[in-house]
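Here is my input, please return the structure:
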Amino acid sequence: MTANISPVGNSQFLDVNGNPLSGGKLYTYEAGTTTPLAAYTTAEGDVPQPNPVILNSLGTLDDPLYLANGVAYKIIVKTSAGVSLGLEYDDIYGVAAADTTADEWLEFTGTFTYVSSTSFTVSGDQTSIFQVSRKLKTQNTAGIAYSNIASATYSAPDTTVTVTNTFLTLDSGLSQIWYGFLEPTHSSIPETTIGTAVRVGTQAEAQSALGVYSTTEVDDAIDAAVAAVPTSPSHNFRNRIVNGNFIVDQEYVAASTTFTSGAAYKRAIDMFYAWCTGANVTGQQVTVSGLKRYRFTGAASNTLVGLLHSIEAANSADLAGGDATFSVKLSSTSVTSVTWAAYYANTTDTFGTLASPTRTSIATGTFTITSTEARYSASLTGISSSATTGIEIALTTGALTAGNTLDVGEFQLEKGAIDLADIEFEKVDIALQEARCRHGWFEKLVLIVGTASSYRVQTTFARKRVTPTIGTVTFNAGSGATFSISNGSIYALTNHNIDYAAATIPLLCGLHG
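Numbers count the residues shown, from 1 in each chain. From the prediction side, this is the model:
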């Protein structure tokens, strides 16, 4: 057996007064335990040190301290009276000489006993060394044998190791055991599947073990993958919520808006609607630590605040029949409970109104929140196969009282069951986010026609999938009439008189809101 010089114990030890620790005791144990483990006086590991080793009058060892090769030790030094000085060193390995040739095998220096041609026992719990599938090399009467560990079971006081032999077998002359790293011929790679299949198995077994497939198998796999592609509408975004980070606000541009108690849904910010009961509240886009949030501010007598987002069937049909995960960041200065609810539309993309909803519940639950922003999540498991018509997510609270706030951020719905710790909000480039929001926003069309006698202004305002309304005003030429257009109505506008020429003057303008 080989041994290497110990990095601890071969120098002088001093007592608390700085004097040599004469008569001190140096103990050697198995790492992490109080089980004595022999150390040695020579690099050959053939002369054991006493345990403990007694320090001489200089506080040093009479003979150098060597540790068994590849074995972890714990070393403790005490006074001659056995009093601890706090000198304890764990997980210590001997240091190999600079000219030592690297070897792929580590020798096991503990006590072992031959049992059969496929098993032996070792003293103590050695399952961390004798791991299943690890490669072993052993010295036997018939020569060097190579084996794989099939099992290692500890039952005090011994560990029983059972092996599968790959070259020769164990015999009663078992005298040395090594556990290995790598070797070209007798590799120390675990061979439960890969090594055995590659070395002694059929071509098919080797291909399967190594993950190598024939062209026919590859073609079959491709065909299966193509067949598995869903035929329902799909998308390019993990988060099915548009503007879930509340970064786009085309209507209010971060200005505060009031939600009237008991009124119908009102747009809060692009792609979201809100409502309240008991007393009016306000809402607006705010910036918190550089990130956008939607903030509600409460009022006395308020009893409820709600926030709603509808997802078109084209962006959610593939969730039907499976699982999804909803997550959101929340904080409030007074509200401690937020209820979430998920629905699907009874008719494609038609969810009804606050007073008369046309939707079916998928799941509901409650988040307990604090004044410190945190991410909360809920699982939508076993979504109905009928939920191909669009999905709606709503948040509601109890009373949001005067001066108190509720902040909402990073609203997300994604496919699959996902642990809260693994959820990461999907960030979308703002320009692309704006384009997605315009799909659900309104467009304004202004048509101005004129003749020598009059001008006529027509305006068309349409929210997506809603029949447009038209407003018209006619005024005489030269009258200096002025106008403005807002939400389908004509309003007076000063300092912008309309002039004309004798010929007809048509002008067509298309505007995004």
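
Neighbours of the residue nearest to residue 416 when sequence neighbours are not counted, how many?
Once flanking residues are discounted, residue 416 sits nearest to residue 323: 5.8 Å by Cβ to Cβ, 6 or more residues apart in numbering. In short, each C-beta sits where N, CA and C put it, glycine included. Using other Cβ atoms under 10 Å, residue 323 has 14 neighbouring residues.

Make sure residue 323 is actually in contact with residue 382.
Yes. The criterion here is Cβ atoms under 8 Å, and residue 323 meets it with residue 382 at 7.0 Å.

before we move on, back to that, give me every residue that touches the residue nearest to residue 416.
Counting by Cβ atoms under 8 Å, 6 or more residues apart in numbering, residue 323 touches 379, 380, 381, 382, 383, 415, 416, 417.

what do you get for residue 339?
364, 365, 366, 367, 395, 396, 397.

Identify, from the residues you listed, the entry nearest to residue 78.
Each of the contacts of residue 339 was scored against residue 78 by Cβ to Cβ, and residue 367 proved nearest at 57.3 Å.

OK, contacts around that closest one?
The neighbourhood of residue 367, defined by Cβ under 8 Å, 6+ apart, consists of 328, 330, 337, 338, 339, 340, 376, 378.

Return the subset of those lying in strands.
Counted as lying in strands by DSSP state E, out of those, are 328, 330, 337, 338, 339, 340, 376, 378.

Report the buried residues of the helix or strand containing residue 367.
Assigned by DSSP states H and E, residue 367 belongs to strand 359-368. Neighbour counts over strand 359-368 (16 or more other Cβ atoms under 10 Å) mark 359, 362, 363, 367 as buried.

Just the C-alphas of it, formatted as CSV.
Output in CSV follows, covering the C-alpha atoms of strand 359-368 (Å, rounded to 0.1, in the frame of the first residue of the first chain):
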residue,chain,number,x,y,z
ARG,A,359,-68.3,32.7,-19.5
THR,A,360,-67.6,29.4,-17.6
SER,A,361,-65.3,29.1,-14.6
ILE,A,362,-62.0,27.2,-15.0
ALA,A,363,-60.5,27.8,-11.5
THR,A,364,-60.3,30.3,-8.7
GLY,A,365,-58.2,30.9,-5.6
THR,A,366,-56.7,33.5,-3.2
PHE,A,367,-53.3,35.1,-2.8
THR,A,368,-52.4,36.5,0.6
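
Distance from the chain centre to that strand, please.
24 Å (Cα atoms, centre = their mean, to the nearest Å).

Can you list the strands that the top strand by length along the chain pairs with?
Assignment by DSSP E gives strand 143-155 as the longest strand of the chain. Each strand paired with strand 143-155, and its direction, by DSSP bridges: strand 135-140 (antiparallel), strand 158-167 (antiparallel).

so which of these comes closest to residue 126?
Using Cβ to Cβ, those put strand 158-167 closest to residue 126, at 4.5 Å.

and that closest one, average pLDDT?
Strand 158-167 carries an average pLDDT of 94.

So for that strand, what gets flagged as buried?
158, 159, 161, 162, 163, 165, 166.

pretty sure residue 294 contacts residue 272?
Yes. With contact defined as Cβ under 8 Å, residue 294 reaches residue 272; the gap is 7.0 Å.

overlap in contacts of these two?
246, 307.

Tell me how far residue 80 lies from residue 70.
32 Å (Cβ to Cβ, to the nearest Å).

neighbour count winner among the two?
Shown here are residue 80 and residue 70; by other Cβ under 10 Å, residue 70 has more neighbours (19 against 13).

was I right about the more buried one contacting residue 106?
Yes. Applying Cβ under 8 Å as the test, residue 70 and residue 106 come out as touching, 3.5 Å apart.

just for this structure, where's the confidence low?
Applying pLDDT under 70 to the chain flags residues 1, 97-102, 182-219, 226-236, 440-513.

Could you list the domains of it?
If you go by automatic domain parsing, the domain ranges for the chain are 1-101, 105-189, 257-436, 442-512.

Not counting residues beside it along the chain, what's closest to residue 181?
Nearest residue to residue 181, sequence neighbours excluded (Cβ to Cβ, 6+ apart): residue 104, at 4.3 Å.

thinking that neighbour is in contact with residue 180, fair?
Yes. Shown here, residue 104 and residue 180 form a contact pair, counting by Cβ under 8 Å, at 5.4 Å.

Mind checking which of the two has more residues around it?
When neighbours are counted by other Cβ under 10 Å, residue 104 and residue 180 differ, and residue 180 comes out ahead with 18 against 15.

hmm, back to that, what's the closest of the contacts of residue 367 to residue 62?
Closest approach between the contacts of residue 367 and residue 62, by Cβ to Cβ: residue 376, at 67.8 Å.

Would you confirm that the closest one contacts residue 328?
Yes. Counting by Cβ under 8 Å, residue 328 is a contact partner of residue 376 at 6.0 Å.

Settle it for me: which of those two has more neighbours?
Set side by side, residue 376 and residue 328 show more neighbours around residue 328, with 25 against 18, by other Cβ under 10 Å.

gap between the residue nearest to the more buried one when sequence neighbours are not counted and residue 155?
In space, and not counting its chain neighbours, residue 328 is closest to residue 411: 5.1 Å by Cβ to Cβ, 6+ apart. As judged by Cβ to Cβ, residue 411 and residue 155 stand 56 Å apart.

Settle it for me: which of those two has more neighbours?
residue 411 (25 against 9).

what's the distance between that one and residue 74?
Counting by Cβ to Cβ, the separation of residue 411 from residue 74 is 55 Å.
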